[in-house]
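**Q** Could you look at this predicted model? Sequence included:
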Amino acid sequence: MKQNLFVLKMFLLVLILAASGNTKILAQGIGEITVTGVITDEGNIPIPGVNIIQSKTSNGVVTNFDGKYSITVPQNSVLVFSFVGFVEQRIKVNGRTEINIQLVGDIDSLDEVVVIGYGTQKRRDITGSVTSVKGEELRSATSTSFSDALRGKAPGVMVTSGSGEPGSGVDIKIRGVSSISASSSPLYVIDGVPVDGGSSGPNSLNPLSYLDPNSIESIEVLKDASAAAIYGSRGAAGVVLITTKSSNPSGETTISFNSTYGISSFNGGYDLLNAPEYAEYQHIAHPENELYTNEETGEPIPYAASETTDWQELIIQDAPTQTYNIGLNSGNRDNNLYVGLGYSNTEGVVLNSSFERYSLALNSNTKISDRLSFGMRTNTGYTIRNGQISGIGTGGRAGILNRIFTSRPVNAFISDDSDSNYTNPLQFITLSDNKNFNFRTNINATLSYDFLDNLTLKISGGGFIANSKDKFFVSKEIVNAANLNGQARLGGSNQVNWLNENTLTYKGATGAHSIEALIGFTQQQNVEESFEVGVNDFPSEINRGDAIQNALAVPNYNSNKLRWALQSYLGRIIYSYDDKYILTSSLRVDGSSKFIGENKYSVFPAFALAWQLGDEKIFEDVDFLEQLKIRAGYGKLGNQSIPPYSALGRISTEYYYYGDTRVIAASYSSIPNKDLKWETSETFNAGIDVSLYNGRINLKLDAYVKNTKDLLLNAPIAGSSGYQTIFQNIGSVRNKGVELGLSTVNISTDNFTWSTDFNISANRNKILDLGSQDNILIGRLPPGVGVSPNVLTEGEPIGSFYGYVFDGLYQLDDFNADGQLLEGIPAFGSPQPGFMRFKDISGPDGEPDGVVDALDRTIIGDPNPKHYGGLGNKFTYKNFDLNIFFAWQYGHELLNWSTSFLSGRLNDNLRRDLYQNMYTPTNTDTNIPTYADDNGKSNVSSYYVEDASFLRLQNITLRYRLGENTLKNIGVKSASLGVIIDNLFLWTDYSGLDPEQTSYGQNTGTDFFAYPRPKTVSFNVNVKF
Amino acid sequence: MFMGILISSSCSSDFLEEQPFSFFSPDNLYNNTDSAELAIVGIYENLSSNNPSIKGSFNRGMLIMANFGTDDFTASNNNDDQVDIYDNYTVLPSEDYVDATWKNFFSGINQATSAINRLPDSPIDEQIKAKYIAEAKFMRGLFYFYLVRLYGEIPILETETTSLAETNIPKSSIEEVYNVIIKDFTEAESLLPNKESTPEGRATRAAALGFLSKIYLTLGSYGKYGSVDGYEWVDSNEAFSKSVEYGEEMLAITGYPLSNDYGDIFDSENSDEIIFTAEMFGGSGYNTDGSFVANLFAPKNQGNINASRGGQARGVPTYNLYEKYEEGDMRLERNIVEFRYKGCKEFPHPGGLTILSDFPHNNIWAYAGKWRKPCGYNGVHYSTGEDIPLLRLADVMLMVAEADAEVNGGEATARGLELVKMLRDARFGGESPEITSGNFLDFIFDERSRELAYEGQRWFDLVRTNRLVQAVKNVVPIMGDPLGKNNIQDYHNLFPIPQTEIDNNTNISQEDQNPGY
């Protein structure tokens, strides 16, 4: 009941506002004339789709393909001509019946409309920190997903991919990490439907990769609280608004066709040992092993006789990538339709890996009456991902890239048959499957009713349905599944997420005051069901994972159903005085099913002020000043992205066995925490927007402080309680930083233009408080190590590397004649000359104790960059366009864990440079530890921490637009040909394959055989009929 | 239209309530017999332990903590961090297995306590209810019994944990813990079923009696030999007598004959000699219901580490253990072998027993063969299905003989000699050699080694009789000089309280850590 009163009050408030505002009824009939004309650009080419609206009414038309329009208006009314990318013009009719207009291009139009969530706003009037990226910019890359293409394009938005594998997860962080256990992914809102970006674990599928980048019109990133607070409890990590293409209501029907074909290739690899060298190394390092040493003679087994097999050459290939898109545009201003059909197939540079997508976009608008209209947006995608995961794998050994690089450089062993179970990476790829099939459709339908000219009710219903299937198979020929006699797994999930939103918007102006008020009520529910069946023991494997009934054993099967729901009330007022002072204030009340009782509801307020300083009298004479705006905002945001039921006491089930009889056992897995509540972030943001010389120079500078408290932390509790962890609200984190975006038009002549876009961001992250915890270790390294490489410590950034401090190698001089370590030299394990030596920095009493053990671990690096950004240069010369885009990160470190596995392990190949420079009695002046598996290389230490700063030439696009005259004759409206090169050059000192990838589970900054981003050269054709 | 939406929102008072679909809640678990059965099974599950960690309990932690660092078994490689620290006595409170075992056993205690407290109000059949309560008490007593021996003073859960506020329980004295253990076992004993009506792995009356015998023997030994502080209240003579009493009561129960084939006890998994086990199940690459027993103990597999017979031999038998066997003892060939595996083939180990003369050397000299499996056994070396016996007939027989001798001033009794002879005759396949000379208690101790090697008994036996320090110092070096003998001190008779407990329990501070750590 309480909630309803609240809504009622808000409703009344708006009615009062509406009554006091301008409620002029549309004039009709009297003194009207019909105005016609042609709208052209600076080159006198007609512009279709230009909006012509009678000022302050909803009466309007759109130009047809020839740029012509016709509108009936009162004789003395004002017409507003607007089109994206051009300066808006307002013309008094004054009784004329023909008005021809030449629109002037605007590089960065201040009048451009920006989506802000539950509405739009002119860029000029925005009070918060919002970055807008046009869909056009995302399409220039051959990325399979928009999120990947966003890299370097928006200040404050850091994009890292776990893997360069086609279709893999991408991690987007807006203004740093502010959460530990809860997700730090932003909220994505696709055509008004909030969807969870999901955890973008590096080996997981990117849940938003179903969306064809070609169907995206624009992406707006709401970065500060004043902008994002309208999304309340889910906005703390920022909000990414994705708007898909809608029809261009020109009254004509157009069809466009776009296709790209390219070849991806692998950027280098490792220089590894050949067969004789490998045999020599293994014989020295593992003399007791009969694979390398003849048991009778003690001689090495002659691998020289065996030919070297170069797995990199056999498995890593040049791979084709192709995309096709057809877009249909039809209809007029009142009834229109956009249909987009797409297909893309990206093959990976690793054999048998690919990502395929079928997509359909269907957007329409219908005007039912003067006051009632209906719009619908749908996006559907079906994706198929195929390929072994890159970094980690299943069944004891790591994933495919690890196998490619570390597998012995011989195809089989010649000494005996004892090792017939050995699987080479090529066999692994051909005898196993790992596929994901994902169908997803996103729908939002809106009914919009204008009670009055300035009071609009919108009711929308929509949501998404996602259906996914995983298929996994490992043949018994492969060592991992040999003793299981073949293994398969089938899993699926089905997600139904519905949303209902109802908003009432009032727009009004009297004199110098203008106001836009919004109230709304929304609810969303998500129900997800999933299952998994694991089988093994296949008498025949002919059907692989396609017929799991061919397996005899079913050791694993489970299903799960979960639900969460949100109910929210929201309100926003944008008030502007004299177009100079703009106040935005919003409030959202969110209720979430994830919390209990009083904690279900929380209130998220925000305020922001903008002052158009440039419009003040003192700047009147400064001609070159187009805009000078200062902004300041404050807001509160929440984060509730923890699994549902985290606040409840749960009892799950496990198997137990009496003999071999399986029974079900109840397992007490969590204690209730009824005090659990939202994580709350408070953000202060201040910014300045400067636009000079008719928009030829645009600068946007923001500084922010974001304090997050009551972190949702799955924190450890006393084990004597019978439990290990419980979700609690503990601790706080601060992110602060600055962001700068600068775009300039450097040269603009008739035939040649040169423009530059530059952005740079710096964020500093610091854990302020961790409750009673000193150090919380997070992350996990591969099997055999079982240690956490990252740590949470007060005063340090989230995810700092934690381990030993490398201090060179133990030298012969460190030991006495009996091989005992000399007094005063700290021992780590049972060292020998050439083993890694670590610093003794602490002990049980907090003092160095002469022994290096777990107490001597400390912070050894920081995976967070000092700054990052992008630089794009765009040149046009006559019909040629050239775009060159660089992206960089500076000052971040990576834990290059691949090096540890390429340093020589039993039965594994190693890097030639490490082998050649290894410590030996004759080569002591080196930092590369000697033979022996236990030389310290399996410990996380500063030895593996590397500066991973890089500058990447991310994209070059060269496009040629065919001349209009040529095309007209063959019935084509426009056409272009292009060459696109992705990831052409990389400048870095990092010794791994890619300084940008991290690939191990939830670890921050660990590079463990990540799938590097390939270099791709592609050709593009774009034709419009 | 807008009003319509308002109405729809007012109907949805349940909209924001969480609706569990795929899990139980403690409030509905005991409402019927079927789900109560799951709850009881769940208590046992903490012995094999997917929950809370595969590292704890008899899956890994107990196998390492109770076998390495004894005079029967030692680490095979000086650079295996995970087991070395137990072998070398350099265990820190932050160590994984110390931590996981503590958590596993307390998880079991919490679940058992929940069942004991909730079942009385349950509507299920009274007879079944009584049996379930008895099983829960048996298991709770067992978890406490392991904990008190490993860690000394520990918290006692009066009620199940239902909120964050209840998670900071202070330590109780050792006496208080034993009071709970004895109360639980004695209350459970008469209500537990017999073997015939019980599935393998569930508590029986015989198991309760056997453990009561072990509990009293343990109490008597600690009281008499004083290896750990906090046992001063014990009347050792009375405890030894009770140990004999309960042990004899167990031995009087039929259905537990001695086997003629020692190896069969470990191969068959349902041998009549076994009274109570931690149940394991191996054989799948991605479940963790199996134990680490092959990985730790079984002979090495050459080449393919996942092959079906052997393991990783992260520990090997000591020369001390080898020396204890007499000629004709069939237990030797099961427990100490000089081969490893290539697939299913036995493959003589270079060196092997022939190099006995030149200790110390730098090679593995023999393997622990007890936990090897028949060829073709389905399992991976880090998840095998051998059930871990927690109580065997031979153990009870030797306990009665030992306790009886303790009551008798350290001298063998006729009953004791009879029991030992019965056991040895079976192990020698007929007439066993005479017990020649020396101290009977020492002999019993060697006999326990011969019989119960690598079954997680040795560390407990050495500690309760205060022999640990000397035994570790006496280990004949195998792989160079064992570090354990330099490090071991009296305080190692207890493991440290896990650091996570000290960090997170506001009622247990650094000062409450066991001495020495």
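**A** Here it is on my side, so go on.
**Q** What parts of the stretch 401-517 of chain B come near chain A?
**A** Residues of the stretch 401-517 of chain B lying close to chain A (Cβ under 8 Å from any Cβ of the partner chain) are B:480, B:498, B:500, B:501, B:503, B:504, B:505, B:506, B:508. Where you see a C-beta, it was placed from the backbone N, CA and C, and this is true even at glycine.
**Q** try it again with 10 Å
**A** Taking Cβ under 10 Å from any Cβ of the partner chain as the contact definition, the stretch 401-517 of chain B meets chain A at B:479-481, B:483, B:497-508, B:517.
**Q** ok, of those residues, which come out buried?
**A** Buried subset of these (neighbour count, 16 or more other Cβ atoms under 10 Å in any protein chain shown): B:479, B:483, B:497-505, B:508, B:517.
**Q** Quick one: the helices in the stretch 601-750 of chain A, in order.
**A** Secondary structure of the stretch 601-750 of chain A (DSSP state H, counting those that start in this stretch): no helices located.
**Q** Pass me the low-pLDDT residue ranges in it, would you?
**A** Counting by pLDDT under 70, the stretch 601-750 of chain A shows no low-confidence range.
**Q** ok, now which ones touch residue B:411?
**A** Residues counted as contacts of residue B:411 (Cβ atoms under 10 Å, 6 or more residues apart in numbering or on different chains) are B:404, B:405, B:439, B:440, B:441.
**Q** One more pass at 8 Å, please.
**A** B:405, B:440 (Cβ atoms under 8 Å, 6 or more residues apart in numbering or on different chains).
**Q** on that earlier part again, could you dump the buried ones among the residues of the stretch 401-517 of chain B next to chain A to CSV with secondary structure and pLDDT?
**A** Formatted as CSV, those follow (DSSP: H, G, I helix; E, B strand; the rest coil; pLDDT from 0 to 100):
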residue, secondary structure, pLDDT
B:479, strand, 66
B:483, coil, 75
B:497, coil, 96
B:498, coil, 93
B:499, helix, 88
B:500, helix, 87
B:501, helix, 93
B:502, helix, 91
B:503, helix, 85
B:504, helix, 88
B:505, coil, 92
B:508, coil, 93
B:517, coil, 87
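**Q** Tell me the strands beside the helix or strand where residue A:946 lies, with direction?
**A** Under the criterion of DSSP states H and E, residue A:946 resides in strand A:945-947. Applying DSSP bridges, strand A:945-947 is found paired with strand A:893-896 (antiparallel).
**Q** give me the residue from chain B nearest chain A.
**A** For chain B and chain A, the shortest gap (Cβ to the nearest Cβ) falls at residue B:110, measuring 2.5 Å.
**Q** where does that residue land in three-state SS?
**A** Of the three states, residue B:110 takes helix under DSSP: H, G, I helix; E, B strand; the rest coil.
**Q** And for residue A:526, the neighbour number?
**A** 20 (other Cβ atoms under 10 Å in any protein chain shown).
**Q** Helix, strand, or coil at residue 404?
**A** This is for chain A. helix.
**Q** I was thinking of chain B, sorry if that wasn't clear
**A** helix.
**Q** Run through the residues that contact residue A:907.
**A** A:282, A:291, A:408.
**Q** Please tell me how far the second one sits from residue B:253.
**A** For residue A:291, the distance to residue B:253 equals 53 Å [Cβ to Cβ, to the nearest Å].
**Q** Then the last one?
**A** Noted for residue A:408: a distance of 58 Å to residue B:253, by Cβ to Cβ.
**Q** picking up where we left off before, of the buried ones among the residues of the stretch 401-517 of chain B next to chain A, which pair is most distant in space?
**A** B:479 and B:505 (38.5 Å; Cβ to Cβ).
**Q** ok so, going back, from residue B:124, how far off is the residue of chain B closest to chain A?
**A** Where residue B:124 is concerned, residue B:110 sits at a distance of 21 Å (Cβ to Cβ).
**Q** higher neighbour count, those two?
**A** For residue B:110 versus residue B:124, neighbours defined as other Cβ under 10 Å are more numerous around residue B:110 (25 against 17).
**Q** How many residues are close by the nearest residue to that one once chain neighbours are set aside?
**A** Nearest residue to residue B:110 in three dimensions, chain neighbours excluded: residue A:722, at 2.5 Å (Cβ to Cβ, 6 or more residues apart in numbering or on different chains). Residue A:722 has 27 neighbouring residues, counting by other Cβ under 10 Å.
**Q** Kindly report the same for residue A:307.
**A** 12.
**Q** which non-adjacent residue is nearest it?
**A** residue A:275 (6.7 Å).
**Q** what does the stretch 151-300 of chain A have sitting close to chain B?
**A** So the stretch 151-300 of chain A meets chain B at A:288, A:289, A:290, A:291, A:295 (Cβ under 8 Å from any Cβ).
**Q** now that we have those residues, which one has the most neighbours?
**A** Busiest of these [other Cβ under 10 Å] is residue A:291, holding 21 neighbours.
**Q** so how far is residue A:278 from that one?
**A** 11 Å.
**Q** give me the element residue 188 is part of.
**A** You didn't pick a chain, so chain A it is. Going by DSSP H and E, residue A:188 is part of strand A:187-190.
**Q** You answered for a different chain; I wanted chain B.
**A** helix B:174-189.
**Q** so what's residue A:918 closest to, chain neighbours aside?
**A** residue A:928 (5.1 Å).
**Q** For chain B, give me its nearest residue in chain A.
**A** residue A:722 (2.5 Å).
**Q** Test my guess that that residue contacts residue B:162.
**A** No - counting by Cβ atoms under 8 Å, residue A:722 does not reach residue B:162; the two are 10.4 Å apart.
**Q** what's in contact with stretch A:679-687?
**A** Against stretch A:679-687 from outside (Cβ under 8 Å, 6+ apart): A:128-129, A:178-179, A:182, A:223-226, A:236, A:602, A:608, A:630-640, A:700-712, A:729.
**Q** pretty sure residue A:965 is in a strand, no?
**A** No - counting by three-state DSSP, residue A:965 falls outside a strand, being helix.
**Q** Could you report the pLDDT at it?
**A** pLDDT for residue A:965: 75.
**Q** Where do the strands of the stretch 301-450 of chain B begin and end?
**A** B:315-317, B:336-337, B:339-342, B:345-348, B:367-368, B:388-392 (DSSP state E, counting those that start in this stretch).
**Q** Check which element follows the lowest-mean-pLDDT helix or strand in chain B along the chain.
**A** Across the helices and strands of chain B, mean pLDDT, DSSP states H and E gives its lowest value to helix B:2-10, namely a mean of 43. Downstream of helix B:2-10, the first helix or strand assigned by DSSP H and E is helix B:26-29.
**Q** Show me which residues of that following helix are buried.
**A** Across helix B:26-29, burial judged by 16+ other Cβ under 10 Å covers B:26, B:29.
**Q** helices or strands up against that helix?
**A** Identification of packing neighbours for helix B:26-29 by 3 or more Cβ pairs under 8 Å, 6 or more residues apart in numbering or on different chains; DSSP states H and E yields helix B:33-48, helix B:96-118.
**Q** Now the element after the longest helix seen in chain B, going C-ward?
**A** Secondary structure of chain B per DSSP state H: the longest helix is helix B:126-151. Per DSSP H and E, the first helix or strand lying C-terminal to helix B:126-151 is strand B:154-155.
**Q** Quick check: next helix or strand after that following strand?
**A** strand B:171-172.
**Q** Between residue A:408 and residue B:253, tell me which one has more neighbours.
**A** Taking other Cβ under 10 Å, residue A:408 and residue B:253 do not tie; residue A:408 has more neighbours (24 against 15).
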